[in-house]
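S.K.: Need the 3D shape of this:
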Amino acid sequence: MDENQNIHSITSEEYHSIYSKESKTFNDSSVSSIIRKYEKKGYKVILPIIDNQNASWRWKYEKVKNENYNIIAIKNNDGYTLYKKQRPELGDLPSKKPKTLLYKPEYSTTTGTNTLKNILGDKKFDNPKPVQLLKDLLFISSNKDSIILDFFAGSGTTGQAVMELNEEDGGKRQFILVTNNENNIGTDITRERLYRVIKGKGSKGEKFKWTYTNEKPYLSSNNVTVFKIDHTALTLKDLEKAEKIRDVAKAEFKKLNPNCSLNNDFDVYNELAALNPQKGDK
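M.R.: Here you go, the predicted structure:
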């Protein structure tokens, strides 16, 4: 890969010197020589290595050589990941079009579980989503200034994924996570996870294993605001109670948005009604 992140292939002779079909062995010295050659020329050499294990490319050499313009290199924590460009058909809107099959070792549920254990120190949530999976889904489905809403926040993976993706592509995405705090999941898992990956310590000063990168151990340039929503049932006869809630709501709306325009009491009640779930027809 050159300095402009364009993908290039090695020569045919170099390619055939790497592996012997007769003996079915790799020539490590040839690989090392090729790497030194291209690094001296200023290229970044990308090898198919996953979790320190040698792997293989899905495309054959000839396809890479002839269609290198179809390959995108995206930087991540471990180096670079290669993607195939997806071009819409005539009449389609331009988009980052995902494949029907998502595949990466980092997408496994084991990866999601281990990440959360390294952050919280124990398995406190079943089947948390892998951070890399959500980062890739956000990359193909959102803009750099999108607001991401996760109405079933769970362990808070979406929040961590948004913060990491912003670090990696310079985005300014924001997220809203919603949880009913059943079994204290909101306070003990969702909030605690986000607190730790930002602060580098637990809310009670605990240490933990997880780090973002060696250069930037924690997502310290972020902050999260936590709100607790209370529900108060009102009837037409509860005028005194409604007036108390109205005054509290006005103050809270102004905290959330100093430019909030509330011309009369009806505006306040209308905003509050929008937060109250409505019963639909069965």
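S.K.: for this protein, which spans come out with low pLDDT?
M.R.: Counting by pLDDT under 70, the low-confidence segments of the chain come to 51, 78, 86-103, 231-239, 266, 269-282.
S.K.: Could I get the full set of helices for it?
M.R.: Secondary structure of the chain (DSSP state H): helices located at 12-18, 28-40, 61-66, 109-120, 131-141, 157-169, 185, 192-199, 239-256, 265-274.
S.K.: Residue ranges of each domain in this protein, please.
M.R.: 12-84, 93-228, 229-282 (automatic domain parsing).
S.K.: hey, which of those is tucked in deepest?
M.R.: Ranked by mean neighbour count under mean count of other Cβ atoms under 10 Å, these are led by domain 93-228, which reaches a mean of 16. Where C-beta positions appear, they are placed from N, C-alpha and C, glycine not excepted.
S.K.: wait, what's in contact with the nearest residue to L134 once chain neighbours are set aside?
M.R.: Nearest non-adjacent residue to L134, counting by Cβ to Cβ, 6 or more residues apart in numbering: A161, 3.8 Å away. Going by Cβ atoms under 8 Å, 6 or more residues apart in numbering, A161 touches V131, L134, K135, L138.
S.K.: Look up how far Y69 lies from the first one.
M.R.: The one in question is V131. V131 sits 30 Å away from Y69, going by Cβ to Cβ, to the nearest Å.
S.K.: Quick check: the gap between P258 and A251.
M.R.: From P258 to A251 the distance is 12 Å (Cβ to Cβ).
S.K.: again with N259
M.R.: 15 Å.
S.K.: Likewise for N76?
M.R.: 44 Å.
S.K.: L47 is in contact with Y80, correct?
M.R.: No - using Cβ atoms under 8 Å, Y80 makes no contact with L47, being 10.0 Å away.
S.K.: With F208 as the reference, measure out to the residue nearest to L134.
M.R.: Relative to F208, and taking Cβ to Cβ, A161 is found at 18 Å.
S.K.: The helices of the chain: which one's closest to L149?
M.R.: helix 157-169 (8.9 Å; Cβ to Cβ).
S.K.: chain center to the closest one, what's the gap?
M.R.: 4 Å (Cα atoms, centre = their mean, to the nearest Å).
S.K.: what do you get for stretch 47-57?
M.R.: Taking Cα atoms, centre = their mean, the mean C-alpha location of stretch 47-57 is offset from the chain mean by 23 Å.
S.K.: try stretch 153-167
M.R.: For stretch 153-167, the distance to the chain centre is 5 Å (Cα atoms, centre = their mean).
S.K.: Using PDB, write down the CA coordinates of it.
M.R.: Output of stretch 153-167 as PDB, limited to C-alpha atoms (Å, rounded to 0.1, in the frame of the first residue of the first chain):
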ATOM      1  CA  ALA A 153     -28.600  -0.400  25.100                       C
ATOM      2  CA  GLY A 154     -27.700  -3.700  26.800                       C
ATOM      3  CA  SER A 155     -24.000  -3.700  27.800                       C
ATOM      4  CA  GLY A 156     -23.300  -0.400  26.000                       C
ATOM      5  CA  THR A 157     -21.400  -1.800  23.100                       C
ATOM      6  CA  THR A 158     -22.900   0.800  20.700                       C
ATOM      7  CA  GLY A 159     -21.600   3.700  22.800                       C
ATOM      8  CA  GLN A 160     -18.100   2.300  22.800                       C
ATOM      9  CA  ALA A 161     -18.200   1.500  19.100                       C
ATOM     10  CA  VAL A 162     -19.200   5.100  18.300                       C
ATOM     11  CA  MET A 163     -16.400   6.600  20.400                       C
ATOM     12  CA  GLU A 164     -13.800   4.200  18.800                       C
ATOM     13  CA  LEU A 165     -15.000   4.900  15.300                       C
ATOM     14  CA  ASN A 166     -14.800   8.700  15.900                       C
ATOM     15  CA  GLU A 167     -11.200   8.200  17.100                       C
END
